[in-house]
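Novice: Quick one: sequence and predicted model below, then my questions.
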Amino acid sequence: MSKSDFFSYIARGVIAPLWAYKERTPYMRHLKQLHGMKNRNPKDIDIDLLDRLRKLLQHASTQSPFYEERFRMVGLSAGDINNLYDLQKIPLLTKDDIRANRDRIIASNFTKEQLVPRKTSGSTGVSLDYFVDDASMQWKRAVTMTYDRWAGWNIGERVGAIWGNPQSTTSWRARLRNLLLERYTYLDTLKMNEEEMLGFYKTLRKIPPAILFGHAHSLYLFARFMHQKGLSGIRPSGIISTCMVLHDFERQEIEDVFGCRVTNRYGCEEVSLIACECQDASMHLNCDSLIVEFIRDGKPVSPGEPGAIVVTDLTNFGMPFIRYKVGDVGVPSIKSSCACGCTYPIMETLEGRVADYVVTPDGNYISGISLTENFAMHLPGVKQMQIIQEQVDFLVFRIVKGELFTEQTEQAVDRIASDRFGRQMHWQIEYVDSIQSERSGKYRFCISKLPNPFS
């Protein structure tokens, strides 16, 4: 926290509790309840998760027409779930299931007026409409704050946010809340040109943030801009990177420019935070709100193996998400403990979207993350790159040239592609002026138009 930011104490000690009282929101009480939960005995954690799961299943089977029918078709009742491994008895929930049955999934003891309508950004295809009950939102709000503290942030402290579609100016109430409590300064990721980034830099120099927060690649682009322009003097206590995979080369650049560590975070709009990195660089799963599985061919994968991420939201009783396929691939860790003291399970790596995998003609699956990392580390003349798989034996490399781009750079692209994809793969290079982010603010490094390999 900036030494001159005395107002943060007022915001935290006076404004936040009064605002929560006026809005009748319980997140401040939840924060107290969450204290110490991440250090529980693993057996106690499993007992708690199983108890909460049974309550959710009992509720869904009696209040949601969709789940009542689904459970009946597989001959399942809440009493049949005797341990977390029994989750496999429950069919997976897909985005298509939700689109086709949205109103039938909603619990009958909730009216739509009691629920908050939400819509995903649709960054990898068609957006998804869904609902969340207010109690779930307030719990998740508190949970996210507990993980934000891992990055060195506390309630009331200033945030420099590199984010798409900032909401702080939508109404006078939102502006007032941001001024007195949330205290965000935004750089809109849809306007990340040099003029806007320079303006954001000057603002943060005048109003130092406690933390920086934003999409991984957008944080990297801002850090690279500062590095290239010889700008310095922004020294937050920490940085929260979210919404996208954080590459090692991006982390290095960000940490070098701002002089502090990056806390990597992973989540999705439908269930909020899924995992967060601790100070010892372990990506702990969020057992405060979710049960997280890693599935391949309908079964849990072994530690160290990639699997489709499947989540059960233990908090949203208004529209239950039970064994929901997020659309990402992750690797559960072989580590069973962490020096930080948090006893929640660890995800070794996030492999990215299912749609980010490239399939080679000889049947190998290569994650878009490893590809981007590989190309970026060996191609200093490439400013931005995007890989698009049109067919199993054909790729398009969209490239934005950097100042160091030469004929040798193009030859290096061919050499790396041949090494990574084999001689049966064909490709072409398409030079473009820029690769824009999605409306959500996310960048897609790799886009596959082939069938899902983790279905």
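Specialist: Great, that's in hand. Numbering: from 1, shown residues only.
Novice: Counting neighbours, which bits of the one helix or strand Leu53 maps to end up buried?
Specialist: Secondary structure from DSSP states H and E places Leu53 in helix 42-63. By 16 or more other CB atoms under 10 Å, the buried positions in helix 42-63 come out as Ile45, Leu49, Leu50, Leu53, Leu56, Leu57, His59, Ala60, Ser61, Gln63. C-beta here means a position set from N, CA and C on the backbone, and glycine is covered the same way.
Novice: low-scoring pLDDT stretches of the stretch 251-400 of the chain, where are they?
Specialist: For the stretch 251-400 of the chain, applying pLDDT under 70 flags the ranges 352-357, 365, 367-370, 372-374, 376-377.
Novice: Show me how this structure divides into domains.
Specialist: 7-351, 357-448 (automatic domain parsing).
Novice: and the residue nearest to Leu56 when sequence neighbours are not counted, how far is that from Gly267?
Specialist: Nearest residue to Leu56, sequence neighbours excluded (CB to CB, 6 or more residues apart in numbering): Leu314, at 5.8 Å. To Gly267, Leu314 is 15 Å away according to CB to CB, to the nearest Å.
Novice: quick one: the residue of the chain most remote from its centre from Ala20, how far?
Specialist: Distance from the C-alpha centroid of the chain peaks at Glu407, with 37.2 Å (CA atoms, centre = their mean). From Glu407 across to Ala20, the span is 61 Å (CB to CB).
Novice: Tell me who's in contact with Pro209.
Specialist: Glu157, Arg158, Val159, Gly160, Thr185, Ile234, Pro236 (CB atoms under 8 Å, 6 or more residues apart in numbering).
Novice: now that we have those, which one has the most neighbours?
Specialist: Gly160 (27 neighbours; other CB atoms under 10 Å).
Novice: Just checking the distance from the helix or strand hosting that residue to the centre of its chain.
Specialist: Using DSSP H and E, Gly160 falls within strand 159-163. Here strand 159-163 shows a centroid-to-chain-centroid distance of 15 Å under the convention CA atoms, centre = their mean, to the nearest Å.
Novice: Stretch 243-251 too?
Specialist: With CA atoms, centre = their mean, you get 12 Å for stretch 243-251.
Novice: likewise stretch 147-164?
Specialist: 15 Å.
Novice: Likewise for stretch 240-252?
Specialist: Taking mean C-alpha positions (CA atoms, centre = their mean), stretch 240-252 and its chain are 11 Å apart.
Novice: Need the distance between the two termini of that stretch.
Specialist: 14 Å (CA to CA, to the nearest Å).
Novice: Bridged to Ala308, which residues?
Specialist: Per DSSP bridges, the residues bridged to Ala308 are Ile295, Val329.
Novice: quick revisit: Leu314 and Gly267: which has the busier surroundings?
Specialist: Using other CB under 10 Å, the more surrounded residue of Leu314 and Gly267 is Leu314, with 24 against 20.
Novice: secondary structure class for Gln386?
Specialist: strand (DSSP: H, G, I helix; E, B strand; the rest coil).
Novice: okay but it is in contact with Ser448, surely?
Specialist: No. Contact criterion CB atoms under 8 Å: Gln386 and Ser448 do not qualify, at 11.8 Å.
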